[in-house]
Each structure stands twice: as C-alpha cells, then as structure tokens.
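Peer 1: Next comes the sequence, and after it the predicted model I'd like to discuss.
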Amino acid sequence: MSIEVPMAVPYGLRSLVRAVSALRAGDSVRGGRLPLVHVPETDTSLVFRTTPAGRGDLLVVGPRTRASYHAGKDIPYGLRLRLRPGAARPLLGVPVSEVVDRVVGLGELWGASADRLQEALTEAAGDDGLVLGHLEAALSARAPGDGARGALVRAAARALRGRRGGRHEPLPVIARHLAVSERHLRDLFADAVGLSPKHFERIERLRAALSLACADGPRWARLAAATGYYDQSHMTAEFRTLMGVTPAAFFEGRLPALQSC
C-alpha cells in the first residue's frame, strides 16, 4: 500500500491547497512490495514524482470514484498537493469533470509553462522547500481572487461531509441554507468538484469508515453507526460498490486482482 506522510501546508498555498503529503512506496513483504491501494477520492490533486531513472512527472490526479489496486513500485521522491474544493477548476482551466478517474500530465492543460515547471521540480527533487516554492509561485500566478463561487463550493462540501455519527442534511436543505437552487448547486458541484453532491457524500462517508476502522479496529456494526450508514448491511453494500470487496475481505487483505498502472 502506498504511504502518505503529512506535511505542513506552506502559508502561501493555504487558500488553494488543503493538504500536502510526501509519497512513499509501501513496505516490502516476502520479497515483493505491498500493493498500491488507491481508495476513492473527492479531491483533485497535483502530484510531482520522480522515477528510478531520474525522470520527473507532474500530474493532475482527478477525483476517483472507485478503488483501484496496483502492483507496488519505487517512488524515489514524490509530493501530493490536495486542492481545496473549488480551487481545481480555475487552476486547471477545465471543468473538473474532465479529469474524474483520470491521471493527466499537467502539460496537457497548461502547455509549455507546465513543462518548464516540471523541469524545475525535477532539478529540485529531494528539497521539499524548494519544490514547494516552485509550486507556490506557479499556482499563485494562476489563482484568481477567492470569489463567491469558491466560498459556495467549500461551504457545500463542508455540509455534505456531515458530522461523525450522523448523516448530513438533505441537499435541498443545504441549498436553501446557501441561498441557491438545488439545480444550481448540482451544476456547480459537477463543474468545480467533478462529482455529484450524492457521489461526493458517499465517498467521504466511505473514507471516514476506512479511517475509523484503521484507528479503532473493524467492529462493523459500530463502525456503520459511527459513520452515518443506515446499518451494517448498507455499509457492506457501499463498500463492495466503491472498494470492489466487502469490508472484511479488504481488512483481511483479500483484494481484487492487481491492475497495471
């Protein structure tokens, strides 16, 4: 499994980036690497990584609607910047729906400026401060002012994540609190986040269940209640749909067949 080590978000990136992490390959087991497990994600991320051959890749990783499982690989150096809800659309210049379930080279969206940035990052690889400095300069140059649209997306995302132990309010209620129509909120989410509000909420609830199970152990009925599922069978069905296996199979390491990257 891939490992992400949390890092502090530089002050100059806090309006655009909600989390920064160092990427590390999973530990070896019986002569091979543990599988890379990419769980569903609502975030759009900007990832810079190097290869064993010394090449640098600067990638946009869109929201992921289903888990995927891959053979482990060496990542000499890597950083992930998780963009705040609503930040990806103006930074990338395309609707986020166009990168859902995709990994796209930033050069496909930015052109030559991304190629120059990738070269600078490759030269700086290993120096977190310098890499983040290059990224901060590039993202800040493209970031528009934080307007009402971005604030609305962030407020909706917070409401849809709900509270631990309880379900979020229905979408019509959230829309009314935000003083917009339900249709406008759905359209805004599709453009700015890449997912429908319902799909966003499903993924966030699953991630909460994964996090809590890793911390407290897989006590299924208690886990379902703590993360807002109707009951254990509801959680199991959602887990099978989004992760491809039941909760018990996942935590016992009985995973689907590994795919090529």
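Peer 2: On my side now, so go ahead. Residues are numbered from 1 along each chain as shown.

Peer 1: Least confident secondary structure element in the chain?
Peer 2: Sorting the helices and strands of the chain by mean pLDDT, DSSP states H and E puts strand 28-29 at the bottom, at a mean of 46.

Peer 1: quick one, phi psi at the closest residue to residue 260 other than its chain neighbours?
Peer 2: Distances taken as Cβ to Cβ, 6 or more residues apart in numbering put residue 70 closest to residue 260, at 7.1 Å, once the chain neighbours are dropped. (C-beta placed from N, C-alpha, C; glycine too.) Backbone torsions of residue 70, given as degrees, to the nearest 10, read phi -130, psi 160.

Peer 1: Pairing partners for residue 70 in the sheet, please.
Peer 2: Per DSSP bridges, the residues bridged to residue 70 are residue 36, residue 259.

Peer 1: what ranges of the chain fall below the confidence cut-off?
Peer 2: 1-2, 25-33, 145-146, 163-167, 261 (pLDDT under 70).

Peer 1: which one's the longest helix in it?
Peer 2: Counting by DSSP state H, the longest helix found in the chain is helix 197-216.

Peer 1: contact partners of that one?
Peer 2: Outside helix 197-216, the residues that touch it by Cβ atoms under 8 Å, 6 or more residues apart in numbering are 39-42, 63, 65, 156-157, 160-162, 164, 168, 171, 174, 185-186, 189, 193, 195, 223-224, 226-229, 235, 238-239, 242-243, 247, 251.

Peer 1: cool, and stretch 99-115?
Peer 2: With Cβ under 8 Å, 6+ apart as the criterion, stretch 99-115 contacts 44, 46, 57-66, 88, 92-94, 117-118, 138, 194-195.

Peer 1: Please list only the buried members of those.
Peer 2: Buried members of those, counted by 16 or more other Cβ atoms under 10 Å: 44, 46, 57-65, 88, 92, 117-118, 138, 194-195.

Peer 1: Can you list which of these are found in helices?
Peer 2: 88, 92, 117, 118, 138.

Peer 1: need these in TSV with distance to residue 178, can you?
Peer 2: Formatted as TSV, those follow (distance: Cβ to Cβ, whole Å):
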residue	distance to residue 178
88	20
92	24
117	35
118	38
138	31
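
Peer 1: Check those and tell me the two furthest apart.
Peer 2: 88 and 118 (18.4 Å; Cβ to Cβ).

Peer 1: just the helices in the stretch 1-150 of the chain please.
Peer 2: 88-92, 107-110, 112-124, 128-142, 148-161 (DSSP state H, counting those that start in this stretch).

Peer 1: Is residue 18 in contact with residue 82, as I believe?
Peer 2: Yes. Counting by Cβ atoms under 8 Å, residue 18 touches residue 82, with 5.4 Å between them.

Peer 1: Now the common contact residues for these two.
Peer 2: Here residue 18 and residue 82 have residue 43 as joint contacts, going by Cβ under 8 Å, 6+ apart.
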